[in-house]
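Asks: Quick check, what structure comes out for this input:
(chains A and B)
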Amino acid sequence: MTAPARPERPSALGRLTRNRRSLIGGVAVVIMIAAGGLAPALAPQGYSAQSLLHRLQPPSAAHWLGTDGFGRDVLSRVIWGSRVSLEIGFVATALSLVVGTAVGSIAGYFGGTADTVIMRAADVFLSIPALFLILIVVALFGASLANTALVIALVTWAPVGRVVRSECLSLRNRDFVHAAQALGASHARILGRHLLLNALPIVIVQASLLLGQTILIESGLSYLGLGARPPLPSWGNMVVEGRQFLASAWWVATFPGLAIFVTVLGFNLFGDGLRDASDPTLRGRSS
Amino acid sequence: MIHAILLVLALILTGLTPPTGLAAGKDFVIGMSGDATSLNPVVATDGQSYIAEWPLFDSLLELDQGLNVRPLLAESWEVSRDGLTYTFKLKRGVKWHDGKPFTARDVAFTFYSVLDPKVTTPHRAYFDALAGFPELTAKENPKRPEELAVRPVEVVDDHTVRFRLRYPSGSFLAVLVNPRAGIVPEHLLKGADLNTAEFNRKPVGTGPFKFVEWRRGERLVMEANDQYHAGRPALDRLIFRIIPDSVVLLQELRAGGVDFIENPPLTEVARLKQTPNLKVLVADNTSYTYFGWRQDLAPFTDVRVRRALYHAVDVPSIVREVLQGYAAVSTGQFPPGSWAFDPSVKPYAYDPGRAKALLAEAGFKPGPDGVLVKDGKRFSFSVRHDQANQSVKDTAVIIQEYLKRVGVDVQLEPLDWPTFVKKLFASDFEGIAVGWTNHHDPDPFAYTIWHSSQWKGRNFAHYKNVRADEALEAARRTAVQAERKKHYAEFSKLLMDDAPYVFLYFPQQVYVTRQGYDGFVPIPTFAGIYQSLKSVRWSGK
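Replies: Numbering: from 1, shown residues only, chains lettered A, B, ... in the order given. Below is the predicted model:
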């Protein structure tokens, strides 16, 4: 019996955890997701529990992050807010990925007319200012969490589609794809088994970067009054509500702002690390 | 990315606005939260336009601090014994800003324009008492003034004008004041379409300040009228700067970019009062904020339910904590400063236990999710409100929480103001939270909001009480104030008994200006302080 050989190069996971920045990003992301998931257990108070007698109290032992203009506990609202922000982030990202990947792989694999039509459509979506498109959709269909997620997906699928298309373009001329074609595999099988599976690392990297972006868009929308409805907290609408107290009660806007900052940075660092880890040209290096 | 920039920008703007030219003492810079839409007092409809018109146009009469009328363009007036004829002597030697003399023909032209159905103006209804009003303002085939047997406005000579009414009206003098009854020049507007005239952008009035320039969305500049009939104002120029954000506005004041702002964030007022070079001015207001619903939709048809909702909301706490005391608790349509106010009418006390008992009595039982249920239906309704009005928005969120505590579920629906108003007048809502202007005389608003003949107009909540109708009609048809007061007291009692709204509060108007500017008169009506710009002066530091 021989002991299994020690791998010469660390695995992708190993590379990921060895990268300090992506580790920090990953930890930030995990904390935020945990906060959102466990909000009912973690939040010291309900997100809508008001106490007008205790409004705008600075951070204290009773309210670690102070209270807002309605006397609601800011910490509780930041925790509950992570649930709303992340929920929209995940739904929007998933939608955007599914559409972007499907459309991009079809364009990249089949090429020709399909490619032209799909990519020009993507160009159209990329050329319209995102905020403008969002405002139109919200004005037409009203503001709700589902609509917000849908709208964000609408403005983010095109870049995903492009990346997946270029990956499929380069993969479809590889020998193993030609081999599969020669063996008589169907288009669906080649697309699913050979192209998408190989494009998966890129899609995952896109997902982690996109999550940060969608959370930022959702905050912007809530900031403009088009996202989550009161009393449901989202970080964006908490920043707006706190803005009027900025000079007298800094904590109301600052903490949800920090939460946005940390989460978006976390997803970006983690995404960067993922990309480095999955990029063969960077293997073996450490940063 | 845009969103990130927006977020960052907003945060930076609130902290770092460079001073833009310190006021020299005679240039008075006023920070306005929005731009005017029209500078023609006949067709203007919104508060910002009213503010901008005050210095430009004089009306026949103006208000004093007790909301009594006093002469302005009219020197004196006589009322006939039957109360149907008002004869005004006009001030002599008054000139328009372009130098032409002001005469009685301008007065007649102004009021015939208001009555002309081709002109789009919300002020027409205030002149309901004028003779021939129904014929002149008819939707189909309106008559021309020449065709009437009794003409409502008659030019007796250059300096005398006579109004004829079709019924004695206690509110007639009260509607002849700014900002809704400024006099416009006949020689510049005759034959023009008042809705679209170039005049609406480059106005000529008789007021203390003359129009200089208007850059839309940016600034509106006026200069002192040397020929003003009551003496040249002390300030050389008025500059209205349009700055929509209240936090930025406040920062501009601190930095010296503006000299006067309205509606600072109320949480800041205590600190502003202690800032050595600033002073805070407070004026009562006729405007009011309420939480209401459609009277003809179940379960609001049940008076026990309506009273329960009233008992569920702690209005005094909202006034004390959120409005920092800069408001008066409302007990109905009339503000505490009005002569029509009846102090014996009391609001329903905050008593959640009583609210729950009343709801149980009305047949509601607690449901599985804590929301009350009756006949299988959850007590859940939407409340629409203006998304831009911070105090209304905050109030809606607070009400939502208070009602949740007694088992009533409220869904808030913030809308932009034009959409909101459209839905209001189409009665397209379940619940509403509204901040509404008002008139210093009780009749114009009380009648149009609560009389059952107005369901297609301002009575969009569909209130109907035959006895309240009678009280409103009786009050309208007498000119004796004591009589009117009696009818309005009766009306106020009936209204509170029916609990058609949770009457919330009358917010006060808060202004901040620089120490050294004196002469402001906080007249207790909407934007009334702007009437006193002609007496404001710089006394130096």
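Asks: residue nearest the centroid of the chain?
Replies: With no chain named, the answer covers chain A. Centroid-nearest residue in chain A: A:L211, 0.6 Å away (criterion: C-alpha atoms, centre = their mean).
Asks: nope, chain B
Replies: B:T437 (2.9 Å).
Asks: residues contacting that residue?
Replies: The neighbours of B:T437, taking C-beta atoms under 8 Å, 6 or more residues apart in numbering or on different chains as the test, are B:47, B:286-287, B:526. Using the backbone N, CA and C atoms, a C-beta is placed for each residue, glycine as well.
Asks: Now the two most distant members of the residues you listed.
Replies: Farthest-apart pair in the contacts of B:T437 is B:G47 and B:T286; separation 12.2 Å (C-beta to C-beta).
Asks: On the pLDDT front, check B:L13 for me.
Replies: Reported pLDDT at B:L13 in the predicted model: 46.
Asks: Check which element follows the top helix by length along chain B along the chain.
Replies: For chain B, the helix that runs over the most residues, judged by DSSP state H, is helix B:481-498. Moving toward the C-terminus from helix B:481-498, the next helix or strand (DSSP states H and E) is strand B:501-507.
Asks: which other residues reach that following strand?
Replies: Under the criterion C-beta under 8 Å, 6+ apart, residues B:284-293, B:309-310, B:313, B:315, B:318-319, B:323, B:326-332, B:335-336, B:347, B:391, B:395, B:399, B:435, B:461, B:496 lie in contact with strand B:501-507.
Asks: Which among those residues count as buried?
Replies: With neighbours counted by 16 or more other C-beta atoms under 10 Å in any protein chain shown, these contain buried members at B:284-293, B:309-310, B:313, B:315, B:318-319, B:323, B:326-332, B:335, B:347, B:391, B:395, B:399, B:435, B:461, B:496.
Asks: picking that back up, which residues are in contact with each of B:G47 and B:T286?
Replies: Joint contacts of B:G47 and B:T286 (C-beta under 8 Å, 6+ apart) are B:437, B:526.
Asks: coming back round to it: from the contacts of B:T437, which has minimum pLDDT?
Replies: Between those, the one the model trusts least by pLDDT is B:G47, at 82.
Asks: Please look at that one and B:G528 and confirm they touch.
Replies: No - between B:G47 and B:G528 no contact is recorded; they are 11.7 Å apart, counting by C-beta atoms under 8 Å.
Asks: In the stretch 51-200 of chain A, what residue lies closest to chain B?
Replies: For the stretch 51-200 of chain A, the nearest residue to chain B under the criterion C-beta to the nearest C-beta is A:L52, separated by 4.1 Å.
Asks: SS state for the closest residue to that residue other than its chain neighbours?
Replies: Computed as C-beta to C-beta, 6 or more residues apart in numbering or on different chains, the closest residue to A:L52 that is not its neighbour in sequence is B:E321, at 4.1 Å. The three-state label for B:E321, taken from DSSP: H, G, I helix; E, B strand; the rest coil, comes out as helix.
Asks: ok, B:E321 touching A:Q50?
Replies: No - B:E321 is beyond contact range of A:Q50, at 10.0 Å (criterion: C-beta under 8 Å).
Asks: These two: which is more packed in?
Replies: When B:E321 and A:Q50 are compared on other C-beta atoms under 10 Å in any protein chain shown, the one with more neighbours turns out to be A:Q50, at 23 against 20.
Asks: What are the neighbouring residues in contact with that one?
Replies: A:70-72, B:398, B:401.
Asks: From chain A, how far out is B:S317?
Replies: When C-beta to the nearest C-beta, to the nearest Å is applied, the distance between B:S317 and chain A equals 5 Å.
Asks: tell me the mean pLDDT over stretch B:323-340?
Replies: Averaging pLDDT along stretch B:323-340 yields 91.
Asks: now the end-to-end length of it.
Replies: Start to finish, the residues bounding stretch B:323-340 are 25 Å apart (C-alpha to C-alpha, to the nearest Å).
Asks: Contact residues of the stretch 101-250 of chain A facing chain B?
Replies: Remark: the part of the stretch 101-250 of chain A in contact with chain B comprises A:129-131, A:216-217, A:219-221, A:223-225, A:229-231, A:239, A:243-249, using C-beta under 8 Å from any C-beta of the partner chain.
Asks: Inside helices: which ones of those residues?
Replies: Among those, the ones falling in helices (DSSP H) are A:130-131, A:216-217, A:219-221, A:223, A:239, A:243.
Asks: picking up where we left off before, for the residue of the stretch 51-200 of chain A closest to chain B, grab the count of nearby residues.
Replies: By the measure other C-beta under 10 Å, the count of residues near A:L52 is 17.
Asks: That one: what's it in contact with?
Replies: A:L52 makes contacts with A:70-71, B:314, B:317-318, B:320-322, B:398, as judged by C-beta under 8 Å, 6+ apart.
Asks: Kindly supply the ChimeraX command isolating those of those that are buried.
Replies: A single ChimeraX command selects the buried members of the contacts of A:L52 (16+ other C-beta under 10 Å):
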select /A:70,71 /B:314,318,321,322,398
